[in-house]
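>>> would you be able to build a 3D model of this:
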Amino acid sequence: MSNVCEICGKKPSFGNNVSHSHKKTKRVFMPNIIKTKVEFEGKVKNIRVCSKCLKAGKVKKVL
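This is a model prediction of the structure:
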(Lines give C-alpha, C1' and ligand atoms only; values in the text may rest on other atoms or scores of the structure.)
Protein backbone atom coordinates (compact mmCIF):
# COMPACT_ATOMS: atom_id res chain seq x y z
CA MET A 1 0.00 0.00 0.00
CA SER A 2 1.42 3.38 -0.95
CA ASN A 3 1.82 5.99 1.76
CA VAL A 4 0.87 9.04 -0.34
CA CYS A 5 -1.71 11.78 0.34
CA GLU A 6 -4.26 11.88 -2.49
CA ILE A 7 -4.84 15.63 -2.02
CA CYS A 8 -1.38 17.23 -1.79
CA GLY A 9 0.78 14.31 -2.96
CA LYS A 10 2.89 14.22 0.19
CA LYS A 11 5.00 11.04 0.32
CA PRO A 12 7.83 9.62 2.44
CA SER A 13 11.05 11.63 2.46
CA PHE A 14 14.52 10.38 3.31
CA GLY A 15 17.28 11.62 5.57
CA ASN A 16 19.77 10.57 8.22
CA ASN A 17 19.70 9.58 11.87
CA VAL A 18 22.59 11.46 13.48
CA SER A 19 24.10 9.95 16.62
CA HIS A 20 25.95 11.77 19.40
CA SER A 21 29.26 10.85 17.73
CA HIS A 22 27.81 12.31 14.47
CA LYS A 23 27.65 8.91 12.79
CA LYS A 24 24.91 8.91 10.14
CA THR A 25 22.51 6.11 9.19
CA LYS A 26 19.62 6.25 6.73
CA ARG A 27 16.02 6.79 7.90
CA VAL A 28 12.58 7.55 6.47
CA PHE A 29 10.24 10.40 7.45
CA MET A 30 6.68 9.08 6.95
CA PRO A 31 3.71 11.44 6.45
CA ASN A 32 0.77 11.15 8.85
CA ILE A 33 -1.68 9.46 6.45
CA ILE A 34 -5.25 8.77 7.62
CA LYS A 35 -7.74 6.70 5.60
CA THR A 36 -11.04 8.61 5.95
CA LYS A 37 -14.43 8.94 4.32
CA VAL A 38 -14.62 12.39 2.69
CA GLU A 39 -16.70 14.30 0.18
CA PHE A 40 -14.33 14.56 -2.80
CA GLU A 41 -15.28 15.87 -6.27
CA GLY A 42 -18.99 15.72 -5.40
CA LYS A 43 -18.87 12.08 -4.26
CA VAL A 44 -18.33 10.32 -0.93
CA LYS A 45 -15.11 8.29 -1.09
CA ASN A 46 -12.65 6.55 1.21
CA ILE A 47 -9.29 8.15 0.44
CA ARG A 48 -5.89 8.49 2.11
CA VAL A 49 -5.39 12.06 3.35
CA CYS A 50 -2.56 13.54 5.40
CA SER A 51 -3.47 15.18 8.70
CA LYS A 52 -2.37 18.63 7.47
CA CYS A 53 -4.93 18.53 4.62
CA LEU A 54 -7.68 17.50 7.04
CA LYS A 55 -6.71 20.24 9.50
CA ALA A 56 -6.49 22.90 6.77
CA GLY A 57 -9.99 22.03 5.52
CA LYS A 58 -8.91 20.98 2.03
CA VAL A 59 -11.43 18.12 2.20
CA LYS A 60 -14.79 17.83 3.95
CA LYS A 61 -15.00 14.84 6.29
CA VAL A 62 -18.27 12.87 6.21
CA LEU A 63 -19.61 11.36 9.41
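>>> helix or strand: which one has residue 2?
In this structure, residue 2 is located outside every helix and strand according to DSSP states H and E.
>>> what's it in contact with, if anything?
With contacts defined as Cβ atoms under 8 Å, 6 or more residues apart in numbering, the neighbours of residue 2 are 11, 48. Heads up, the C-betas are built off the backbone N, CA and C, glycines and all.
>>> residue 16 versus that one, what's the distance?
Applying Cβ to Cβ, to the nearest Å, the value for residue 2 to residue 16 is 24 Å.
>>> which phi and psi values does the residue lying farthest from the centre of the chain adopt?
Distance from the C-alpha centroid of the chain, by Cα atoms, centre = their mean, peaks at residue 21 (31.7 Å). Torsion angles at residue 21 (phi, psi; degrees, to the nearest 10) stand at phi -80, psi 10.
>>> show the pLDDT at it.
With respect to pLDDT, residue 21 scores 98.
>>> tell me the buried residues in the helix or strand where residue 48 lies?
Per DSSP H and E, residue 48 falls inside strand 43-50. For strand 43-50, the buried set under the neighbour-count rule, 16 or more other Cβ atoms under 10 Å, comprises 48, 49, 50.
>>> and stretch 7-21, by the same measure?
Neighbour-count burial for stretch 7-21, counted by 16+ other Cβ under 10 Å, picks out 7, 10.
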